[in-house]
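In: Fold the following.
(one chain, ligands or ions: 1)
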Amino acid sequence: METSVPDSQLIIAIDGPAGAGKSTLAREIARRLGYLFINTGAMYRAIAWKAADERIPLTDAEAIGELARRAVIDLTGPVDATRVLIDGRDITTEIVHPDISRNASIVSAISAVRRALVARQREMGAAGGVVMEGRDIGTHVFPEARLKIYLDASAEARARRRFDEDLARGLAPASLESIKSEIEARDLRDRTRTDSPLTIADDAVLIDSSNLSIDEVVAMILTLVARRG
Ligand code: DC
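Out: Numbering: from 1, shown residues only. Model prediction:
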């Protein structure tokens with residue numbers, strides 16, 4: 001007899017480059033399905049923040065690896081108001097800074113950091129009922145995930161969205177051109193590192209969101225969930 005796994009046990013993996021809209025999308029899917037939303041980029045950002053706080057140079061891979069093993073990262077709060085804490089300190093608003101984006105990409109290339117954070121991500125997602133987004137979720141963290149999405153968009157569309165997000169947050173955005181080159185530099189680093197680089201899983205559904213609204217992408221994914229659940 002065929003056994004059906006309840007929807008609540010699905011692991012939905014969403015990967016893709018910086019600024020493709022993964023967090024907005026993952027959050028909305030989690031909200032609609034009553035799933036946990038786990039933004040793994042926030043964990044790499046938290047390590048970058050703590051390294052700066054402790055004045056550890058980014059070139060000291062050993063010390064940063066050790067920091068990743070001992071730091072306690074909590075992703076808490078309701079799906080539409082998640083908070084990021086490291087060792088009890090709430091750093092949610094601090095980790096969106098562009099310097100942290102760049103430094104998170106740098107520390108994420110350190111294998112010891114990845115090992116420590118991937119182990120925690122696997123614990124958090126093991127029970128299913130989770131939408132986890134990042135760069136290596138479908139390829140490495142949960143290669144057995146039943147639904148994998150690779151969300152892409154042109155560099156122009158991604159830079160434009162970042163620019164609009166900064167405006168909406170009340171930050172004075174950098175020029176569109178400099179946001180685009182920052183995104184491209186980060187993409188290159190994330191795609192070319194040796195340990196679990198950003199790649200498209202063979203069984204991922206590829207969605208280019210350059211010309212789609214968030215609602216359209218949400219609808220596409222909910223249809224896929226209904227088929228696989
Ligand atoms: O998704 P984000 O922009 O918040 O991620 C910040 C950096 O963290 C990103 O440039 C690369 C790294 N990252 C990663 O290596 N693996 C993940 N699963 C998530 C993020």
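In: Return the residues of this protein in contact with the ligand.
Out: For the chain, the residues in contact with the ligand (C-beta under 6 Å from any ligand atom) are 18, 40-41, 44-45, 101, 104-105, 108, 134-137, 186, 190. The C-beta positions use only the backbone N, C-alpha and C, and glycine is treated the same way.
In: now, which of those lie within strands?
Out: Among the residues of the chain next to the ligand, the members found in strands (DSSP state E) are Gly134.
In: which helices and strands does the lowest-mean-pLDDT helix or strand in the chain pack with?
Out: Here the helix or strand of the chain ranked lowest by mean pLDDT, DSSP states H and E is helix 155-168, holding a mean of 90. Judged by 3 or more C-beta pairs under 8 Å, 6 or more residues apart in numbering; DSSP states H and E, helix 155-168 is in contact with helix 176-192.
In: Now the helix it packs on: average pLDDT?
Out: Averaged across helix 176-192, pLDDT comes to 95.
In: and it, how far from the chain's centre?
Out: Distance, stretch centre to chain centre, for helix 176-192: 16 Å (C-alpha atoms, centre = their mean, to the nearest Å).
In: What angle do helix 155-168 and that helix make with each other?
Out: Computed by axes from the mean of the first three to the mean of the last three C-alpha atoms, to 10 degrees, the angle separating helix 176-192 from helix 155-168 equals 120 degrees.
In: ok, the spatially most central residue of the chain - contacts?
Out: Per C-alpha atoms, centre = their mean, the C-alpha nearest to the average position across the chain is that of Gly134, at 3.0 Å. Contacts for Gly134 were tallied using C-beta atoms under 8 Å, 6 or more residues apart in numbering; they are Ile14, Asp15, Lys22, Asn39, Thr40, Gly41, Gln121, Val141.
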